[in-house]
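S.K.: I'll drop the sequence and a predicted model, then ask my questions.
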Amino acid sequence: ILTSLGGKGLFNESSELVLQGIGEGGNPYAADLFKEADVVLLAGTTWWPEGYVPTNARIIQIDRQFDKFVKEIPTELGIMGKTEEVVPFLLESMQEFSHSEDWVIRCKKVKEKWAEQNEKEGSTSGYPVHPSRIMHALDRTVAPDAILALDTGDNTVWTNRNFRQKGQSVLFSGYWRTLGFGLPAAMAAKLIQPNKQVVAIVGDGGLQMVLADLLTATRYGLNITVVVLNNESLQMERDKLKVAEKEEVGVDLTNPDFVKLAEACGWKGLRPASDSELESVMEEALNTNAPTLVDVRTAQVFFPETN
């Protein structure tokens, strides 16, 4: 089982056949195995990233609308309907099916290999803090049914790569990829689901786009937590310029003191002084009954799958 970013949280990633995702930010070992698949079931997704997918597989696609069947995906059979209604019929028709033990073993090995590397990446020490370390601090502290609102940028791909979801829902700007999406999405989520823990994971560039919304959250008393990956740069743009071997222009940021700014807007502001303080600071923020911002000094790290 592979998931797109929008499908994370539908399966507990501890399940032995959930290999996480594919594409940028997914399981880096899953693509080679996936390319050997002979049949693929696409359920409620149009994610088919070039270079990560099989070229000769027979593809079945489930969606509620036929216009969602993307022309670039060589779908052999399209089924219109809700995934949760269609899949039980498919399972019923496969009662006599016997799985390939060899394939299952290979899936488990890929999962184990990435789990070991993910744990190692998430244990990276140092200050400013490595993005993988921030993600592991988050997955250790946020509620299993929390709503995560991701801004557009490097914070999205690091969350996809290293955050090990249990059942959290994810909001992200998948179509427009709008910079500044995270904070307003978190506020909307809290208004709709006031009893849920809501966490916005944002970059410093994304937060700068919507600073006035700090006051909006205060006005409406929205108990949300904003975690800022503060590396004083538009890191995704910097990475792409490096890959293209172009001059790095316009990627450095001039940031305010986000803690002081948050406090001036009626928020509680926190900043861990070292990577060892991450979990305790996150827990304090998540248990504060008021809008809270956590400013994490973040290392400028080249994302390993930038293309």
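M.R.: Good, I have the coordinates.

S.K.: got the residue ranges for the helices in this structure?
M.R.: Remark: helices assigned in the chain by DSSP state H are 30-34, 83-93, 101-122, 131-141, 154-162, 182-192, 204-208, 213-219, 235-243, 258-264, 278-286.

S.K.: okay, those in a markdown table with mean neighbour count and distance to I1 next?
M.R.: From N, CA and C alone the C-beta is placed, and that goes for glycine too. Shown next, in a markdown table, are these (neighbours: other C-beta atoms under 10 Å; distance: least, C-beta to C-beta, whole Å):
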| stretch | mean neighbour count | distance to I1 |
| --- | --- | --- |
| helix 30-34 | 18 | 10 |
| helix 83-93 | 12 | 12 |
| helix 101-122 | 14 | 9 |
| helix 131-141 | 22 | 19 |
| helix 154-162 | 25 | 16 |
| helix 182-192 | 21 | 26 |
| helix 204-208 | 24 | 30 |
| helix 213-219 | 17 | 36 |
| helix 235-243 | 18 | 28 |
| helix 258-264 | 17 | 38 |
| helix 278-286 | 18 | 29 |
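
S.K.: Tabulate those (JSON lines), appending mean pLDDT.
M.R.: Below are the helices of the chain laid out as JSON lines (pLDDT from 0 to 100):
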{"stretch": "helix 30-34", "mean pLDDT": "94"}
{"stretch": "helix 83-93", "mean pLDDT": "94"}
{"stretch": "helix 101-122", "mean pLDDT": "95"}
{"stretch": "helix 131-141", "mean pLDDT": "98"}
{"stretch": "helix 154-162", "mean pLDDT": "94"}
{"stretch": "helix 182-192", "mean pLDDT": "98"}
{"stretch": "helix 204-208", "mean pLDDT": "97"}
{"stretch": "helix 213-219", "mean pLDDT": "98"}
{"stretch": "helix 235-243", "mean pLDDT": "95"}
{"stretch": "helix 258-264", "mean pLDDT": "98"}
{"stretch": "helix 278-286", "mean pLDDT": "98"}
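
S.K.: Relative to P256, how far out is the closest residue to L33 other than its chain neighbours?
M.R.: The shortest distance from L33 to any non-neighbouring residue, by C-beta to C-beta, 6 or more residues apart in numbering, is to V110 (5.3 Å). The gap separating V110 from P256 is 44 Å, by C-beta to C-beta, to the nearest Å.

S.K.: cool, G6 as well?
M.R.: 32 Å.

S.K.: Then V70?
M.R.: From V70 to P256 the distance is 42 Å (C-beta to C-beta).

S.K.: Settle this for me: I62 is touching L77, isn't it.
M.R.: No: at 9.5 Å, I62 does not count as touching L77 under the criterion of C-beta atoms under 8 Å.

S.K.: Between the two, which is the more surrounded one?
M.R.: I62 (23 against 10; other C-beta atoms under 10 Å).

S.K.: Could you report the separation of that one from F34?
M.R.: I62 is 18 Å from F34, by C-beta to C-beta.

S.K.: circling back: name the residue in G6 and P256 with the higher neighbour count.
M.R.: Under the neighbour definition other C-beta under 10 Å, G6 and P256 were set side by side, and G6 has more, 16 against 13.
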